[in-house]
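[1] I'd like to go over a predicted model; first the sequence, then the structure.
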Amino acid sequence: MEELRIGNLRIQFVSAEIVRAEYAEDGVFCDENTLFVPDRKESGNAPEYTVCKGPETITVCFDGKELSIPRDCKSLQGITLRNADGEVFCRLKKHWKNTGELPAVRNTPEVFVLSDCPRISVPEGGYTYRGEAENSGYKIEEKAQDVYFLLCGKDASKLRRLYVELTGRCEMIRLSTLGTWNSKYFVYDEESAKQVILDYEKYDVPLDNMVLDTDWRAASDRGIGYDVDTKLFPDMKRFLDFAHAHGVEIMFNDHPEPADGAASVLSPAEVKYREEKLQGLMKLGLDVWWYDRNWHTALKSPVPEIRPETFGLYLFEEITRHYWQQVSGDKRKYRRPVVMGNVNNIQNGVYQEIGDSASHRFGMQWTGDIASGPADLRQEVKNLLRASDNCIAYVNADCGGHTGNPDKLMYLRWIQFGVLSPVFRPHCTNTVERFREPWVYDKDALNVSRNYIKMRYRLLPVIYQNAFDNYLTGTPIFRGLGWEYPEDKKAASVRNEYMLGKDLLIAPVAVGGRAMRSVYLPEGKWLNVFTGKVYRGGRYAMSCAYNETLLFVRLGALLPLAPDAANTKKQRWNKLTYDFYPDPEASDEGALYEDDTETTAYQSGEYRLSPYKAYFDREENAYVVRLAGAEGRFSGKRAFAKRSVTVRLHLLGQKVRGATLNGAEIGLERIARDSSAFPFAVKGGAREGEVLTATWTTSVKEDSELKFYLG
């Protein structure tokens, strides 16, 4: 790494776009991984620079910028970064506060400054018991002077990319984690817990995950400890095996109390206790831990600047990671460590700010105990947007409300929001009138909920490919309109709508029953997938029935859809549908992302991307769908060699006279309009009009070009 030393000051070019300034009073600099900078790497692309020494300042010039340093500097105080024209981007103070609250998309600065303070150096091997070493081998420096300049150039996407490159990426969760969750504070026994799983099968509602809240344990009235309550679960392994046999993963809720005598989470007694207890239950077959600080007890942070939420997520994920590494015998390829904890810092639905630049790395994060009314749903839409803007990819709400008694119509609004959010986890406490399973209201509520949940499962390829993009770049999976339309000031200011990727726009309705609300649509054409009406960009007053939501697809979009399935274990992507909404003025391109869905092998390049593109060819008067052969490879039962492909062309009033596949004629099936169809179906009709389908089987490595000729 290219660096320059001036007395006790070190300037490092971490990359061409990240510059580090570190002052050490004793001249000893930090090159270890830290909690806030977890993976130091040689970038190899430092910019060319020159050094000019003046009577009062030393100026480092690089890439049209100037870093001015007082000659007699005794701290970071006064170090100034400006452009060649003299415009000041930032002037440092001696101490710079660490934060995880990034500037709003529309207010992205030229340079964002991030501090590694308090600086906590992480020992080799991370959070594991290593005897009675002070702070378990972690080194704490509460007054470190260590900052990074992220040269983002007012580009919000670039800032997030640099941010996750420096502070760590949010690892992909397992595909199953994106499936349905059943969650409630309830005293299960083995038979009642089994019955929940069987009920999902009985009612044909997909289920991938189930929560056993705190009463799985034989604990004091404070709800702590790790001994299983054998009166409720005589054989916990037997229950976990049952759940796994039905394709369901299990999460335990934990309200951890500090270990006896532990001053902080870094105390050897705490590390030893927590590691033994958490991993001990994982040996029985537990899949996920929920670190819940929403009670009377919390872990102890070693420094006041970093809240227990972050340290709890860190240690629960580290302990989980080490367990799966032990199981696999491989520190590179092992089961993805999924945990859940509180967002730092959203207090029971009330957003304050993201407290530090480490917490975004840690899997699922929930917004605390919330109520169930319209204001609470609106609040959760805003929470989703703000947390996602800060690289918290898998933020989720107690869908339906931890407390409160929503009627059927309000309950359905929560379901509609939940299925179109990062993690779909209906939840409630044990004092409500009705739990949050879809069948507890009536048959109609069950049917509506089932339709939405199955739609989410069909959209999993879209969600998953955006999850991979989030891992690489920090771009939110579900994101505000300003991400896709940064030049549109109206879009950037909208905080009650959001997008999934670049093609789907969601405007949640927060009032039960038919309701009117304002919807802003950016430039282009947008199809309301429930009414079949097409809108051009602009602001509209819209309403929808209780069993519909305001969901739009951008014309030109090509969406990969998966088949219906009871859970992700049974869903196979060797049969995919590409849902095409053609428009002569628009196009689409992307790439289907696939991996083993379970392990960290993707981090070492074990995945494949299958590019796709759709557009209108004016010379041939034809819509063209190009599906390129897969690039890359991975192993496992999901690495299919052949795939059945169906393209569904929504005619939208247009006439097609024929089609070719790779130059040869191919037969088309014409499907009549179906006013009762549910959006993003993989078979049957559509609400807005006729659909044409073409189906073929091909090697995943081969290119396919399908043309629909108009006339």
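    Alright, I've got the coordinates.
[2] Please count neighbours and contacts with C-alpha atoms only from this point.
    Noted.
[3] In a helix, residue 327, correct?
    Yes - assessed with DSSP: H, G, I helix; E, B strand; the rest coil, residue 327 lies in a helix.
[4] Quick check: closest non-adjacent residue to it.
    Leaving aside its sequence neighbours, residue 327 sits nearest to residue 334 (C-alpha to C-alpha, 6 or more residues apart in numbering; 7.8 Å).
[5] Just list the residues touching the one you found, thanks.
    324, 325, 327, 328, 599, 600, 601 (C-alpha atoms under 8 Å, 6 or more residues apart in numbering).
[6] End to end on stretch 365-378, go ahead and measure it.
    End-to-end distance of stretch 365-378: 18 Å, with C-alpha to C-alpha, to the nearest Å as the criterion.
[7] and it, how far out from the chain's middle?
    Mean C-alpha position of stretch 365-378 versus that of the full chain (C-alpha atoms, centre = their mean, to the nearest Å) differs by 19 Å.
[8] Could you do stretch 503-513 as well?
    Counting by C-alpha atoms, centre = their mean, stretch 503-513 comes out at 20 Å from the chain centroid.
[9] do the same with stretch 169-189
    Remark: stretch 169-189 is offset 13 Å from the chain centroid, using C-alpha atoms, centre = their mean.
[10] which helices and strands sit right next to the host helix or strand of residue 210?
    Residue 210 is part of strand 209-212 when elements are defined by DSSP states H and E. Contacts defined by 3 or more C-alpha pairs under 8 Å, 6 or more residues apart in numbering; DSSP states H and E place strand 209-212 against strand 181-182, strand 249-254.
[11] Using CSV, list the CA coordinates for the next helix or strand after it.
    Of the helices and strands lying after strand 209-212 in sequence (DSSP H and E), the nearest is helix 236-245. Output of helix 236-245 as CSV, limited to C-alpha atoms (Å, rounded to 0.1, in the frame of the first residue of the first chain):
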residue,chain,number,x,y,z
MET,A,236,-35.1,-30.8,21.2
LYS,A,237,-33.0,-32.5,18.6
ARG,A,238,-36.0,-34.6,17.7
PHE,A,239,-38.0,-31.5,17.1
LEU,A,240,-35.3,-29.8,15.1
ASP,A,241,-34.9,-32.9,12.9
PHE,A,242,-38.7,-32.9,12.3
ALA,A,243,-38.5,-29.2,11.2
HIS,A,244,-35.6,-29.9,8.9
ALA,A,245,-37.4,-32.9,7.4
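[12] report the angle between the axes of helix 236-245 and strand 249-254?
    Here helix 236-245 runs at an angle of 140 degrees relative to strand 249-254 (axes from the mean of the first three to the mean of the last three C-alpha atoms, to 10 degrees).
[13] Run through the neighbouring helices and strands of helix 236-245.
    Identification of packing neighbours for helix 236-245 by 3+ C-alpha pairs under 8 Å, 6+ apart yields helix 190-202, strand 249-254.
[14] coming back round to it: nearest to residue 137 among the helices and strands packed on strand 209-212 would be which one?
    strand 249-254 (25.8 Å; C-alpha to C-alpha).
[15] Adjacent strands (with direction) for that closest one?
    Within its sheet, and counting by DSSP bridges, strand 249-254 is paired with strand 209-212 (parallel), strand 288-291 (parallel).
[16] which residues sit against the last one?
    Among residues not part of strand 288-291, those counted as contacts by C-alpha under 8 Å, 6+ apart are 249-256, 312-313, 316, 337-342.
[17] Tell me which of the helices and strands packed on helix 236-245 is the most buried.
    Most buried of these, by mean neighbour count (mean count of other C-alpha atoms under 10 Å): strand 249-254, with a mean of 21.
[18] relative to strand 249-254, how tilted is the helix or strand just after that one?
    Using DSSP H and E, the helix or strand that directly follows strand 249-254 along the chain is helix 268-282. Going by the same axes, to 10 degrees, helix 268-282 is angled at 150 degrees with respect to strand 249-254.
[19] contacting residues around residue 599?
    Taking C-alpha under 8 Å, 6+ apart as the criterion, residue 599 is in contact with 174, 333, 334, 335, 336.
[20] wait, isn't residue 81 in contact with residue 110?
    No - with contact defined as C-alpha atoms under 8 Å, residue 81 does not count as touching residue 110 (10.5 Å).
[21] what is in contact with these two at once?
    Common contact partners of residue 81 and residue 110 (C-alpha under 8 Å, 6+ apart): residue 89.
[22] Which one's more surrounded, these two?
    Taking other C-alpha atoms under 10 Å, residue 81 and residue 110 do not tie; residue 81 has more neighbours (23 against 19).
[23] Find the residue closest to that one in space, skipping its chain neighbours.
    Closest residue to residue 81 apart from its sequence neighbours, by C-alpha to C-alpha, 6+ apart: residue 67 at 4.6 Å.
[24] can you tell me how far that neighbour sits from residue 61?
    6 Å.
[25] Could you check which of those two is surrounded by more residues?
    Using other C-alpha under 10 Å, the more surrounded residue of residue 67 and residue 61 is residue 67, with 23 against 20.
[26] contacting residues for that one?
    59, 60, 61, 79, 80, 81, 82.
[27] which SS state does it fall under?
    The three-state assignment at residue 67 reads strand, by three-state DSSP.
[28] how near is it to residue 7?
    Relative to residue 7, residue 67 is positioned 16 Å away (C-alpha to C-alpha).
[29] What of residue 229?
    In this structure, residue 229 and residue 7 are 62 Å apart, going by C-alpha to C-alpha.
[30] Show me where this protein has its helices.
    For the chain, applying DSSP state H gives helices covering 156-167, 190-202, 236-245, 268-282, 308-328, 374-389, 408-419, 443-458, 460-473, 481-484, 489-493.
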